[in-house]
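Novice: pasting the sequence and the predicted coordinates here, then a few questions.
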Amino acid sequence: MNGGKMKTEDKILLGAAAVIFAFLIICLLAAVVIAFTATGSDSPEEIHFSDIYGKNNLQWPFWPLEKNIYGDLSEAQAEYATDYMFDNIRNTTGTAGRMNFGACKAIFIDCGDYVHEIVFYYGNTTEYDLTPELMAENSTVLPGRDNLTAGYRMYRIYPEFPAYYNAETPYVDFTDAWTDSSVSCIAGDIARVRTEGRFYRNYDGKVAAVIDMTDLGEKSGWVVSGKEMMESKQDSDYSGTVSFEGEYVIPSVPVMPVIYIDSRVTCGPYGDVSMFSFSNVTLPFSLGIVGLFIYVVLLLLSGGCVIKYLTGDKKKEDEEEGKS
């Protein structure tokens, strides 16, 4: 071997050490920068809108909307409604309820932008797509983020009853309530979600149906989804809630920033709606004691090898070996 030249295996070893050292340093720095520049869309307190009907001079629904959509339907009628939902499962977001108007039995199926109505009148079956009419809306910008909002929109649909053209037909009201949540850092948005619920109201103030319309939005490609849990539930006859919990991890050693998002929207009596959202970032030592020890050992070994070469010790050893 000529003096001053490194052996091939030494070059490979040095290259590997440099790559490992750079990776360990970059991961740590990236995690720290992300964690300390991250901001969440925290709401300092719950946003509350009360008595939508009273504030907008709207009349309450005047006919009962039943939760049990199958009720006194015949087996063939129940099967017909079930088959429709199965055949249109991609468009169907949930059942809105059931209404009897005279001899007509109507089932309402939520399809996002419209409500599908199936009416059974003795031996006849008719179907309609009902377009919601916007009756009231309100929204507020979340503190510190101009592009994040929370609010509600209240809609009304007018069912079709083929046997009662001249009657004062009932109407059905529902409210879409939402709150945005996000976590962003110097590199941009890390995760973003819109927690949204659709609440169908009854004539006596009760919530007849709760439908989860949460939009998970976007997550950065370098974020690992650890947990996402959505839930829609009836808290009581007069209240329903749609909630979201998300927990994401940014892979980096020895710490892995954990992004946490918790948000919910609730609908209560008298047209009350409320929203809450919270998000933050933590920087735990997620590798544990053994993992941290291995990280430190790898950092010292790889860093020592690189520093030794850069300071000339490695170069001197190569020259002495070449002379021998």
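Specialist: Nice, thanks for sending it over.

Novice: so where do the helices sit in the stretch 151-300 of the chain?
Specialist: 288-310 (DSSP state H, counting those that start in this stretch).

Novice: remind me which residues of it are low pLDDT?
Specialist: Counting by pLDDT under 70, the stretch 151-300 of the chain has low-confidence residues at 165-167, 187, 221-222, 285-290.

Novice: need the strands for it, in chain order.
Specialist: 172-185, 188-201, 207-212, 224-236, 239-249, 258-267, 273-282 (DSSP state E, counting those that start in this stretch).

Novice: now do the same contact list for the most centrally placed residue in the chain.
Specialist: Most central in the chain under CA atoms, centre = their mean is residue 216, positioned 3.4 Å from the mean C-alpha point. Counting by CB atoms under 8 Å, 6 or more residues apart in numbering, residue 216 touches 193, 228, 246. No exception for glycine: its C-beta is placed from N, CA and C like everyone else's.

Novice: surely the second one touches residue 260?
Specialist: No - taking CB atoms under 8 Å as the definition, residue 228 is not a contact partner of residue 260, at 11.5 Å.

Novice: picking up where we left off before, how about the strands of the stretch 151-300 of the chain in a markdown table, adding distance to residue 51 and mean neighbour count?
Specialist: Below are the strands of the stretch 151-300 of the chain laid out as a markdown table (distance: least, CB to CB, whole Å; neighbours: other CB atoms under 10 Å):
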| stretch | distance to residue 51 | mean neighbour count |
| --- | --- | --- |
| strand 172-185 | 12 | 24 |
| strand 188-201 | 13 | 23 |
| strand 207-212 | 15 | 23 |
| strand 224-236 | 18 | 13 |
| strand 239-249 | 15 | 20 |
| strand 258-267 | 12 | 23 |
| strand 273-282 | 10 | 20 |
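
Novice: mind giving me TSV with those strands and columns for distance to residue 18?
Specialist: What follows is the strands of the stretch 151-300 of the chain, written out as TSV (distance: least, CB to CB, whole Å):
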stretch	distance to residue 18
strand 172-185	28
strand 188-201	30
strand 207-212	50
strand 224-236	27
strand 239-249	27
strand 258-267	30
strand 273-282	31
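
Novice: residue 123: which of these is closest?
Specialist: strand 172-185 (25.3 Å; CB to CB).

Novice: between that closest one and strand 258-267, how many degrees?
Specialist: 160 degrees (axes from the mean of the first three to the mean of the last three CA atoms, to 10 degrees).

Novice: for the nearest residue to residue 55 once chain neighbours are set aside, list each beta-bridge partner.
Specialist: Leaving aside its sequence neighbours, residue 55 sits nearest to residue 136 (CB to CB, 6 or more residues apart in numbering; 7.6 Å). Assessed by DSSP bridges, residue 136 has beta-bridge partners residue 154.

Novice: what's the angle between whichever helix in the chain runs longest and strand 258-267?
Specialist: Identified as the longest helix of the chain according to DSSP state H is helix 8-37. Here helix 8-37 points in a direction 30 degrees away from that of strand 258-267 (the same axes, to 10 degrees).
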